[in-house]
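Enquirer: Compute the structure for the input listed below.
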Amino acid sequence: MSSSTNKRNRSCGSSTNSNLDEEVKKQKKSTNLEPKVNDTCDDVMDEALRKLGNLKHSNPVLELNIDVASIATAPDISFSSGCTKQGSFLSRLIHPLPLSHFLSSCFRQKAVCVRSNTSTDVDANLRRIRDINENYMYGLDVEQILTETSSDSIFLWLHNNHSRNSNKRHATNPNSKTAQNDNNTTTNTTALKSIEIPDPQTAYLLHKTSHHATYCRAPPELEQPLISKMLRDTGIGCGQYDPSSTSSTTMGRGEVEVFVGTEGHLTDWHYDFQENFTVQLSGSKRWTLRQGSVRYPIRGMTPHYCTPGDIIENQLKAARLSDEGIRFEAKQENGFGGEVEVVLRPGDVLYFPAGMWHKVETLEYGVSINISLMGMNYANLVCKALEHVLMKKDDWRETVCSSSSSLSCNRGGVNQRNTSIIEKDQDQVNYDENDHSLENNTCIVTHKMERLLNSLPDIVQDFCKNCGADGLIPPVLRHPPSFEIVSDDLVGKDDDVNDEKGHKSDSGENSANSLDGRIETISDDGIVEAEERCSSSHTESDTAQDIEMIQDGDDDEEAEEIVDVLSFQGPGKWTSKRPSLQHRVAKNPLATLTKTEDITSSSESLKGDNDVFTYILNVCFAGNEVMESAVRVILRDCPEEGLLRKCCDVEANGGDFGEILTSSEDGTPHALFYYGYFSWVNFSY
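Expert: You can find the predicted model right below:
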C-alpha cells in the first residue's frame, strides 16, 4: 500500500460523539412521532451513535440492528407520500443512524449494514419494503421485472469451467489465479462470464431452466425517482440528474440494478467505482467486505470476472493513480483492516463505498436491488472550465504543428493581441527554416509548449480572480431542477455500471465523469412529481411566475422556458445580494450571451415573435467536442431597460459591467447571477 494511502487512513469515529444530543433531537423532531415513541427512537439512535463512536479503524462495516415490528425504530422504505413525514428517503434507508453522522463519518468511508433483529417474523421483515415490492417490482414476479426493465438487454452469469486461485502473486493467465485465505489455505474459485440476452422471454427461460443468476436494470418508474432522490440526499453531482442519459455534462448519474440470485452463486472479490446502497427484497445473501487502498476510484477492479487484458491494463492504470503498488488481485496489500461478513435478508440494507473490496454469495434464491450512484469529479469539472478559457486564446487554439510554418504563420500577425509569446519564440528558438529534420521540428514544438505552459499560472490566476467557484458551478447547478420521469423511448439505455455483471461495468466511468443537462419530459407519476417538486428550486411560487413556456417553431416541437431577466427572483433562500463592500461584480469568462435573432434570422422556420427581446445564455461549453453547455437558458430582456442588449454591447466592445448594474432602474438582475453570467468576486485578495 502506498504511503499516501497510509496517511489518509484514519479513524472515522473520532468526531462522532460531538453534538450528539443536538443531532438526536433534530432526528426525533423530523420523525414527527408521539413523545413516548420518541423515547424508543431516542434509545435506538443513541445505540447507533455509540457503535459508530466505537467503530475501529480496521473494521470496514458499521453493523446496526432495528426492531422491524416497530415503525418508530424501522421506518418504511417507501415512496408513498405519507412516508415523507419520517424523513428523506436516505434517512429512512440508513435509520437509526442520523443522516448527518452518516454523511460525515461513513459516506465514502465505511460500510453500513442495517439489519432486522429477527429472522423469524417474515411479515414484519417485509413491511419496510412492501411498497417497493408490490407497487414498483410487480410483486417480485421475475418474468415481469425482466420484461419491464430499463435495460436494452438482460445479463446472465456463467461460471468458467476452470478453477482459479485469487491470491497467487504472479499468474501467466490473468483469469486463472490462486486465492489464499487468512489461514494460508487455498480456495478454488471460478471466474465469471456473462451472456447478453436482448429478448426478456429468452432470458427468463434460461434463468428458470439453467438456474443462471440474472441482472438487469429496474423499471424506469422505480429507477428514475429513486436515483433522483438519492443524488439529492447524498449531494453527489450537486443532486443533478438526467434520466434520459442524453446529456454529456450532467454532474450526477446513477442506476438501480436488479439482481436475481440463484442459490450457490458466487461473485468473488472485486470493487466498484460507484457508491452503492443494496436492499434485499427476498431470499438471502452473504456479503464479505474489506477496506481498499484506492479512495475515490475512477474505475472498478474486476479480478472475479474473465476480464480481457486491455481492460485489466486500464483498471490497473486508473487504480495506480492512487496506489502505485496495487495489483489486479484481492491481495492483502491491496487494502487494510480485517474482513467482515454480513448476511442480508428481506428488508435489510447495506451501504458500501466505492473502492471497498467485496464478494457476494447467494444463500437463498431471491431478488435484491442496488442503488448505484456516481458523479463528475473535481478534476474533470475544473479541466472542462480551463479548456474553455484556453480555447478563447489563439495561441492555445492553434493546431499542434512540428514544422517551422507554425512560427511563420504567426508572424503574419493575424491577431496582434496574442502574438507576444510567439515573438519571444522567434527570438529564442534556435531553428533553421531549411532544416526539416525531426530534431529541428521537435525543438519548435517543445519550445512553444514550454512558453504556453509558462503562461498557464497567470491564466489560471486571472480566471480565479474574475470568476472563481461561482463561475464553475453557478447557483442553478447547485439547485437541482424538478424531477420528471422520462418515457422509455427517450431513455439512453446504458448497461455498463455495476462490476457484478462483468467487465462491461468498467466501460462507463468516462461517461460518469463527463456528465449536465436539461430534463424536458413530462411526469406521469403524481405522487413522485409532487414530492420532488416541493423540494425543487425551480418550482418555488416566487419563481414559477417568472418563467413562461412558449412554443418555438412548429407545433410538434417541445416548448422551451423563457426567463424574464428582471422579474426573476430565484428559489428559496438564495440571494444575489452583494456579500460585502470588498466584492465587485464580474462577468463569468465561461459565459456568453447571444441574441436569439442572430440565430433565427438565417432560418425562416426558426423565427418567432419574441426573437427581438430574447437572448440565449450559454455557460462553459468549449470543454467538450459537441459544444454542449453546462448551463443554457433563454432570457427575455426588458425593452425599456435593454439590460441584456447592454451586456452584449460590453461583451463585443469592452466596458464596465458594474456600470450596467448601477444604471439599472429595477435593481439587481437576479437571473444573470443565478444562471452564471455574473458573480461577486472579492477584489481584496
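
Enquirer: drop to CA atoms for contacts and neighbour counts, all remaining ones
Expert: Noted.

Enquirer: Can you tell me the element residue 329 falls in?
Expert: Following DSSP states H and E, one finds residue 329 outside all helices and strands.

Enquirer: Can you report how many residues lie near the nearest residue to it once chain neighbours are set aside?
Expert: Sequence neighbours aside, residue 303 is the residue nearest to residue 329 in space, at 5.8 Å (criterion: CA to CA, 6 or more residues apart in numbering). Residue 303: 25 surrounding residues under other CA atoms under 10 Å.

Enquirer: now do residue 117
Expert: 14.

Enquirer: ok, it to residue 357 distance?
Expert: Distance of residue 117 to residue 357, computed by CA to CA, to the nearest Å: 26 Å.

Enquirer: per-residue confidence at the closest residue to residue 217 other than its chain neighbours?
Expert: Closest residue to residue 217 apart from its sequence neighbours, by CA to CA, 6+ apart: residue 257 at 4.4 Å. What the model reports for residue 257 is a pLDDT of 97.

Enquirer: where does the residue nearest to residue 466 when sequence neighbours are not counted land in three-state SS?
Expert: Spatially, and ignoring its direct neighbours in sequence, residue 466 is nearest to residue 586 (5.9 Å; CA to CA, 6+ apart). The local conformation at residue 586, judged by DSSP: H, G, I helix; E, B strand; the rest coil, is strand.

Enquirer: shift numbering so it begins at 36
Expert: OK, 36 is where the count begins now, so the last one is residue 621.

Enquirer: what's residue 621 in contact with, if anything?
Expert: Contact partners of residue 621, counting by CA atoms under 8 Å, 6 or more residues apart in numbering, are 501, 502, 692, 693, 713, 714, 715, 716.

Enquirer: Need the per-residue pLDDT for it.
Expert: Predicted confidence (pLDDT) for residue 621: 89.

Enquirer: re earlier: doesn't residue 351 make contact with the residue nearest to residue 364?
Expert: No: using CA atoms under 8 Å, residue 338 is not in contact with residue 351, being 10.9 Å away.

Enquirer: Which neighbours do those two have in common?
Expert: Common neighbours of residue 338 and residue 351 (CA under 8 Å, 6+ apart) are residue 363.

Enquirer: Just the buried ones out of the contacts of residue 621, please.
Expert: 501, 502, 692, 713, 714, 715, 716 (16 or more other CA atoms under 10 Å).

Enquirer: Test my guess that residue 622 contacts residue 712.
Expert: Yes: with contact defined as CA under 8 Å, residue 622 counts as touching residue 712 (5.9 Å).

Enquirer: Need the nearest residue in space to residue 295, chain neighbours excluded.
Expert: Once flanking residues are discounted, residue 295 sits nearest to residue 402: 4.6 Å by CA to CA, 6+ apart.

Enquirer: So which elements touch the helix or strand encompassing that neighbour?
Expert: For residue 402, the host element (DSSP H and E) is strand 401-410. Secondary-structure packing of strand 401-410 (3 or more CA pairs under 8 Å, 6 or more residues apart in numbering; DSSP states H and E): helix 255-269, strand 287-296, strand 310-315.

Enquirer: Quick one: mean pLDDT for the shortest one?
Expert: pLDDT averaged over strand 310-315 equals 98, rounded to a whole number.

Enquirer: do the longest one as well
Expert: Confidence for helix 255-269, expressed as mean pLDDT, is 95.

Enquirer: can you list the residues that contact it?
Expert: Identification of contacts with helix 255-269 by CA under 8 Å, 6+ apart yields 123-125, 138, 171-172, 184-185, 252, 272-276, 278, 287-291, 406, 408, 515, 518-521, 523, 563, 567.

Enquirer: From these, keep the buried residues only.
Expert: Those of the contacts of helix 255-269 that meet the buried threshold are 123-125, 171-172, 184-185, 252, 272-276, 278, 287-291, 406, 408, 515, 518-521, 523, 563, 567, by 16+ other CA under 10 Å.

Enquirer: Keep only those of those that are in strands.
Expert: 252, 287, 288, 289, 290, 291, 406, 408 (DSSP state E).

Enquirer: Could you point out which of these is nearest to residue 496?
Expert: Of all those, residue 496 sits closest to residue 287, with 28.1 Å by CA to CA.

Enquirer: got the contact list for the closest one?
Expert: 266, 271-277, 408-411, 547, 550-551.

Enquirer: Touching, residue 614 and residue 715? I think so.
Expert: Yes: at 7.5 Å, residue 614 counts as touching residue 715 under the criterion of CA under 8 Å.

Enquirer: Where is the longest helix in this structure?
Expert: helix 473-501 (DSSP state H).

Enquirer: And for the next helix or strand after that helix, what's in contact with it?
Expert: As assigned by DSSP H and E, the chain's next helix or strand after helix 473-501 is helix 504-507. With contact meaning CA under 8 Å, 6+ apart, helix 504-507 is reached by 416, 417, 420, 623, 624, 625, 655, 711, 712, 713, 714.

Enquirer: At which residues are the helices of the stretch 536-685 of the chain located?
Expert: For the stretch 536-685 of the chain, helices defined by DSSP state H, counting those that start in this stretch occupy the ranges 544-547, 561-569, 576-579, 631-635, 678-688.

Enquirer: hang on, I meant the stretch 36-185 of the chain
Expert: Counting by DSSP H, counting those that start in this stretch, the helices of the stretch 36-185 of the chain are 38-43, 55-66, 70-89, 124-128, 134-136, 157-162, 165-170, 177-182.

Enquirer: Confidence-wise, which of those helices is weakest overall?
Expert: helix 38-43 (a mean of 38).

Enquirer: re the thing from before, kindly reformat the buried ones among the contacts of residue 621 as CSV containing distance to residue 650, secondary structure and pLDDT.
Expert: Supplementary listing: the buried ones among the contacts of residue 621 in CSV, determined by distance: CA to CA, whole Å; DSSP: H, G, I helix; E, B strand; the rest coil; pLDDT from 0 to 100:
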residue, distance to residue 650, secondary structure, pLDDT
501, 23, helix, 81
502, 22, coil, 78
692, 17, helix, 84
713, 15, strand, 92
714, 19, strand, 90
715, 22, strand, 88
716, 25, strand, 86
